[in-house]
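> my questions concern the predicted model and sequence given below.
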Amino acid sequence: MENYANRIRARYHYQTRKYNALITFIENTEKYPAILFGKIEFKTLKAMSLYQLKKRSEAITVFTEAYNLAESNKLITSFTEYAKDMRTLTLAAHKDKKCAIPKKWLEDINRISSIYAKRKVKMISEYSQDEANRVVSNHKII
């Protein structure tokens with residue numbers, strides 16, 4: 001349960017663009033045992049936060065650590081669900097000559113993140129339309 005609560009806190013900091021608070025939070029939780037998915041997600045969030053703070057070299061280093069944790073188990077969800085921000089980070093890593101992450105993997109994550117983003121927009125749009133239709137149908141004209 002604590003791992004889940006920590007994931008929610010971390011996502012909150014990221015979504016509210018409190019990048020420094022997120023990095024501090026993640027660094028404070030690194031000393032506690034965590035499940036593999038949590039470790040990957042935290043490193044991914046930290047990498048994206050560092051990138052947002054214009055610390056590109058550090059971001060790519062942490063992103064590489066996340067990749068190394070995930071690759072042996074072929075885990076990609078922690079990367080693809082951050083759609084737009086992940087696409088930005090994968091492009092930066094792809095251009096970085098020092099980045100040890102395979103270019104093919106970066107391209108795949110970038111492509112899958114793009115698909116995820118498009119589906120997310122479509123689902124939000126459909127939900128918004130359904131909700132608007134429900135509100136209209138619940139209000140009778142007298």
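Now that the structure is in, tell me what you want to look at. Worth saying up front: this structure is predicted, and the values here are computed from it rather than measured. Numbering: from 1, shown residues only.
> from E2, how far out is the most centrally placed residue in the chain?
The centroid of the chain falls nearest to Y82 when counting by Cα atoms, centre = their mean (3.2 Å). Distance of Y82 to E2, given as Cβ to Cβ, to the nearest Å: 23 Å. For the C-beta atoms, the positions are set from N, CA and C on the backbone; glycine is no exception.
> can you read off the pLDDT for T88?
Note on T88: pLDDT of 93.
> contacts only, for it.
Y51 (Cβ atoms under 8 Å, 6 or more residues apart in numbering).
> count of neighbours near the residue lying closest to F42 once chain neighbours are set aside?
Spatially, and ignoring its direct neighbours in sequence, F42 is nearest to I26 (4.8 Å; Cβ to Cβ, 6 or more residues apart in numbering). Using other Cβ atoms under 10 Å, I26 has 21 neighbouring residues.
> kindly report the same for Y127.
Neighbour tally, Y127, other Cβ under 10 Å: 10.
> elements contacting the biggest helix by length in the chain?
Ranked by residue count under DSSP state H, the longest helix found in the chain is helix 103-138. Counting contacts by 3 or more Cβ pairs under 8 Å, 6 or more residues apart in numbering; DSSP states H and E, helix 103-138 packs against helix 77-80, helix 83-95.
> tell me what the first one is packed against?
When contacts are defined as 3+ Cβ pairs under 8 Å, 6+ apart, helix 77-80 sits against helix 36-52, helix 56-71, helix 103-138.
> repeat that with 10 Å
helix 36-52, helix 56-71, helix 83-95, helix 103-138 (3 or more Cβ pairs under 10 Å, 6 or more residues apart in numbering; DSSP states H and E).
> tell me the contacts of the nearest residue in space to K84 that is not next to it in sequence?
In this structure, K84 finds its nearest non-sequential neighbour in A117, 5.8 Å apart by Cβ to Cβ, 6+ apart. By Cβ atoms under 10 Å, 6 or more residues apart in numbering, the contact set of A117 is 80-87.
> you'd agree D85 is up against T44?
Yes: D85 is within contact range of T44, at 9.5 Å (criterion: Cβ atoms under 10 Å).
> one step back: now do the residue nearest to K84 against N28, distance only.
Distance from A117 to N28, counting by Cβ to Cβ: 31 Å.
> likewise C99?
C99 is 27 Å from N28, where distance means Cβ to Cβ.
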